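Engineer: what follows is a predicted protein model with its sequence.
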Amino acid sequence: MKAGFSFTIYHKLAAVIVALMVAVVGGLALYLSSHQIAAMTAALRTKAATYGSVMASQTTSAVAFSDRETAREVLHSIDADPDVASVVLYGDGGQPLYTRGTASPGLVPAGAVTARVVDAATRIVAIAPVVSLEGPRGVLMIELSTDSLQAARDRVHWLAFLTGLVAIAVGAIAARAIARRLALRLRAIANVASAVAAGDLSQQPIEDPRRDEIGTLAAAFNAMLAQLKQLIAHIQELARKEQDRLENLVAQRTAELDQRNAELQLVFDEVDQGLFLVDIDGTLTRERSAAVEKLLGPVPDSGTLQDYVRQFAPDVADWFALQWATLGEAVLPPELCIDQLPSRFEVRGRHLDVAYKLTEASGHGCVLLVISDVTAQVQRELAERDERETSSLVSRMLRGRAGFIAFHTEASQYVAAIAEGPRGDAAFRRTVHTLKGIAALEGIDSITEHCHVLETAMADGDELAALSSARAVCARWALVTSKIAPLLAVASEHVELMPSELARIEAAVRRGAPAGELLAILDSWHHERVAPRLQRFADDAHALAARLGKGPIDVAVEVSDDLRLPNDHYGGFWTAFVHAIRNAIDHGIELPEERRAAGKSEPPRLTLRAARHGGEIAIEIEDSGRGIDWTRVAERARQHDMPCASQADLVEALFHDGFTTRDMATEVSGRGIGLSALRHACTAIGGRVTITSRDGAGTTLGFRWPGAPARNEALQIAG
């Protein structure tokens, strides 16, 4: 069968008619031929039976007297019959009296027999008893050949085949003619129906006047086609009217929309905020407020947000492009990607806040950007921060002028070191970290923030960002210094004295003390009192504990009021001592829930001590916190390929540059610089550091200096 060929109704009708013709003619041929053959077979059997009956009665005397001649004469009469194949006459004793032809083996009768007809392979055998008045005498067996019957059967079959073949041929011709006529009529209907289904309503009605089923179908189709044409014409008329109505409505709505767009654009042009939509692929839409270009500058010719950002904020353009590309890839949640986009820009001296909002404009994802000028707000916040920091500095100066002057002197030295430019050595990192710590305790959050940014830039290896942050630290410190310069001038012209110190000098004068003793006492007044310095650290500890959620804490200061130390010798140590405070609060003291879980009901305690033991100056800080996790210290030491076999190795690791047990750095700790800077400041003036820790009970950090520092003769006398 060829590809694409399909049976049409013509083929199907022809096939059905031919199949029916074959079935009917074939059935009749088979039936008639079988019936005729059966009749011929019955006739042959009857003939055999007749021969047997007649010849048996005529051969009675021959059998009775064993007369072979008589038997021959009687039976010779049927020799002329071509159907007779053999004749055998058996006498009374079973001996053959007459034989003609060859009898079928196995059919010789024995004993008394009855008349019957037997079918052999190719013969019909008639067996008849020869009976006289005295009883049975012999047996006559006549065999008729079936060759003529077979020949007749073959002729009948051949005749039936020829008759059926002729009938089928005639039927096929008739079937083809009938099927063709029916198919042509149906095809005419189908062609018109297909054209109408394809939208061609110009088809003429089908002409089929016959009154049979196909004619009725053609008439019904013509009626349906007429109704369909009327319906289509009606629908077209309605569509034309509806189109006119919609065109008028669209024109009206377009006019209204144009009016609203004009009004909306007027609003856009009047609002102070910059509003514009950006497709996910970074393309700016045409809808935007007039404030956009006023705040950000003209939109680039490319019309992409990435190029726009590169135009007004080139320093963050690459980061912005990376995060926007991540947003377009839809790998991460869009909210997370938006959170990574810059939310504030500084453009031509203006501080601009950017808010991002996902929308579904135009059926696809867009982001609405809202640009707000917050310059006034930022300036107000900066002014408030300046006032807050200035107030904090004034308050701390009033609590201890000498300590405040020492702080400013040390901080200025650190800023001067930072102004020389970022370096990668440990000393520079200690300088930045120490300045960050003392600025935080003095309430100068702006310096703390700039130092933290500088540390982060150095850790990331970003030299440009580090240089920019270093300049910001210096500029901010210059501004802070300019605000408190009058106070520094006043504070440097005063000396703080306790009533006990005045009483002591008065007593020395009254008892006529030598001039050297009096000069030593007066010389010690140039040094800083230790008690106010430690009290300042105690206040800082309270504030830091509250900030980290570990307060309230109990801070004790144990020092005599008349203990003074020369600031020019101990100034660097006092500056670095801030790391001991921050380390004790952040690392040592637990959160309230951790203390309760450990069975500690009393509030955490921090003790600051300063005393003279013989010829040594001893300063200690003790906390009642968790103690040092030496196992964690050993683990981190192994990670840094540092010795960790002995306790001395672990202590050395704890004070090593860059060593920390924290996994993430914060503004308070985690850089691994604080304890290193503290030990360096202590050993730089000839001191040593000791550390004692009790698991779950706290840690004591001690600092001792042997002998007397410069000008300490006066200090010893003053003590």
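Structural biologist: Right, received. Where do you want to start? Numbering: from 1, shown residues only.

Engineer: CA only for contacts and neighbour counts going forward, please
Structural biologist: Noted.

Engineer: state the pLDDT value of residue 595.
Structural biologist: At residue 595, the predicted lDDT confidence score is 90.

Engineer: dump the residue contacts of residue 300.
Structural biologist: The contact partners of residue 300, by Cα atoms under 8 Å, 6 or more residues apart in numbering, come to 307, 308, 311.

Engineer: which element, helix or strand, includes the first one?
Structural biologist: Read that as residue 307. Using DSSP states H and E, the element containing residue 307 is helix 305-312.

Engineer: if we can go back for a sec, in JSON lines: the contacts of residue 300, plus pLDDT.
Structural biologist: Shown next, in JSON lines, are these (pLDDT from 0 to 100):
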{"residue": "307", "pLDDT": "89"}
{"residue": "308", "pLDDT": "88"}
{"residue": "311", "pLDDT": "87"}
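
Engineer: sorry, back to before: other SSEs contacting the helix holding residue 307?
Structural biologist: If you count contacts as 3 or more Cα pairs under 8 Å, 6 or more residues apart in numbering; DSSP states H and E, helix 305-312 packs onto helix 317-329.

Engineer: what angle do the helix it packs on and helix 305-312 make?
Structural biologist: Counting by axes from the mean of the first three to the mean of the last three Cα atoms, to 10 degrees, helix 317-329 lies at 160 degrees to helix 305-312.

Engineer: which strands and helices lie in contact with the host helix or strand of residue 183?
Structural biologist: Secondary structure assignment for residue 183, by DSSP H and E: helix 147-197. Helices and strands touching helix 147-197, by 3+ Cα pairs under 8 Å, 6+ apart, are helix 9-58, helix 213-270.

Engineer: got any ranges where the stretch 301-450 of the chain has weak pLDDT?
Structural biologist: For the stretch 301-450 of the chain, residues meeting the criterion pLDDT under 70 lie at 360-365, 396, 398-403, 424.

Engineer: going along the chain, name the strands of it.
Structural biologist: 344-347, 350-359, 366-373 (DSSP state E, counting those that start in this stretch).

Engineer: and these, which is most packed in?
Structural biologist: strand 366-373 (a mean of 20; mean count of other Cα atoms under 10 Å).

Engineer: in its sheet, what does that one sit against?
Structural biologist: Here strand 366-373 has these sheet partners by DSSP bridges: strand 274-279 (antiparallel), strand 350-359 (antiparallel).

Engineer: out of these, which is closest to residue 572?
Structural biologist: With Cα to Cα as the criterion, residue 572 lies closest to strand 350-359 of those, at 38.6 Å.

Engineer: contacts for the closest one next, please.
Structural biologist: Strand 350-359 has contacts (Cα under 8 Å, 6+ apart) with 338, 342-346, 365-375, 378.

Engineer: wait, isn't residue 17 in contact with residue 175?
Structural biologist: Yes. The pair residue 17 / residue 175 is scored as a contact, 5.6 Å apart, by Cα atoms under 8 Å.

Engineer: more neighbours, the two?
Structural biologist: Neighbours per residue, other Cα atoms under 10 Å: of residue 17 and residue 175, the larger number sits with residue 175, 22 against 19.

Engineer: from memory that one sits against residue 14, does it?
Structural biologist: Yes. With contacts counted by Cα under 8 Å, residue 175 reaches residue 14, the gap being 5.2 Å.

Engineer: output the helices and strands packed on helix 147-197 in a markdown table, with distance to residue 464 appended to each entry.
Structural biologist: What follows is the helices and strands packed on helix 147-197, written out as a markdown table (distance: least, Cα to Cα, whole Å):
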| stretch | distance to residue 464 |
| --- | --- |
| helix 9-58 | 88 |
| helix 213-270 | 39 |
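
Engineer: next, format those helices as CSV and append mean pLDDT and distance to residue 334.
Structural biologist: Compiled in CSV, those are given as follows (pLDDT from 0 to 100; distance: least, Cα to Cα, whole Å):
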stretch, mean pLDDT, distance to residue 334
helix 9-58, 78, 63
helix 213-270, 79, 27
